[in-house]
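Colleague: Dropping a prediction and its sequence here:
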Amino acid sequence: MGSDSSVQRRYLSEQVGSIAVVSFYADGFEQLDSRQRLLAYYLARAGIAGDEIYTDQVSSYGIRLTNLLNHIVPHLGDVEPNLRKKMGDYAKLIWMNHGNYDLDTCRKFSPEFTFEQLEEIALKACTA
């Protein structure tokens with residue numbers, strides 16, 4: 001995007017519960033030499049790999065829950081819009097908190113859908 005001050009940047013992408021999803025801009029990245037860019041790439045990859053390790057450390061069922069949601073969420077297209085939003089918001093909270101406990105309050109949060117609704121969507125995702 002460059003450093004043009006006439007362009008209005010959008011930092012807040014979305015808010016789910018008490019968590020804000022924000023965008024960061026890498027001003028000056030284009031001025032880095034190839035070695036610095038490669039270092040930035042590998043540091044980003046290490047952060048992505050570390051996410052699963054951290055999830056495993058902070059939540060007994062975090063990885064299993066994350067994997068389940070990773071398989072279900074792409075198949076929410078045919079789901080009723082209100083339920084799709086509830087499922088999507090719950091998945092985002094799981095991903096951002098690395099499990100089903102709020103990282104700030106340590107309180108467990110529960111989905112706003114029933115087990116039966118989850119089961120039905122999971123079965124559809126398995127057959128898709």
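Modeller: Arrived safely. Numbers count the residues shown, from 1 in each chain.
Colleague: Name the nearest residue to the residue nearest to the spatial centre of the chain, sequence neighbours excluded.
Modeller: The chain has Trp95 as the residue nearest its centroid, 4.2 Å off, counting by Cα atoms, centre = their mean. Distances taken as Cβ to Cβ, 6 or more residues apart in numbering place Thr66 nearest to Trp95, at 6.6 Å, with adjacent residues excluded. For every residue, glycine as well, the C-beta is placed using N, CA and C.
Colleague: For burial, what's the neighbour tally of the nearest residue to Arg10 once chain neighbours are set aside?
Modeller: Spatial nearest neighbour of Arg10, chain neighbours left out: Ser23 (6.6 Å); criterion: Cβ to Cβ, 6+ apart. Residues near Ser23, counting by other Cβ atoms under 10 Å, number 9.
Colleague: Ser23: what's it in contact with?
Modeller: Ser23 makes contacts with Arg9, Arg10, Tyr11, Leu12, Ser13, as judged by Cβ atoms under 8 Å, 6 or more residues apart in numbering.
Colleague: Would you report the backbone torsion angles of it?
Modeller: Dihedral angles of Ser23 (phi, psi; degrees, to the nearest 10) stand at phi -100, psi 140.
Colleague: ok, now which ones touch Ala91?
Modeller: Listed by Cβ under 8 Å, 6+ apart, the contact partners of Ala91 are Leu69, Ile72, Val73.
Colleague: Can you tell me the element the residue nearest to the centre of the chain falls in?
Modeller: Assigned by DSSP states H and E, Trp95 belongs to helix 81-97.
Colleague: How far off centre is that helix?
Modeller: Here the centre of helix 81-97 is set off from its chain's centre by 9 Å, with Cα atoms, centre = their mean, to the nearest Å.
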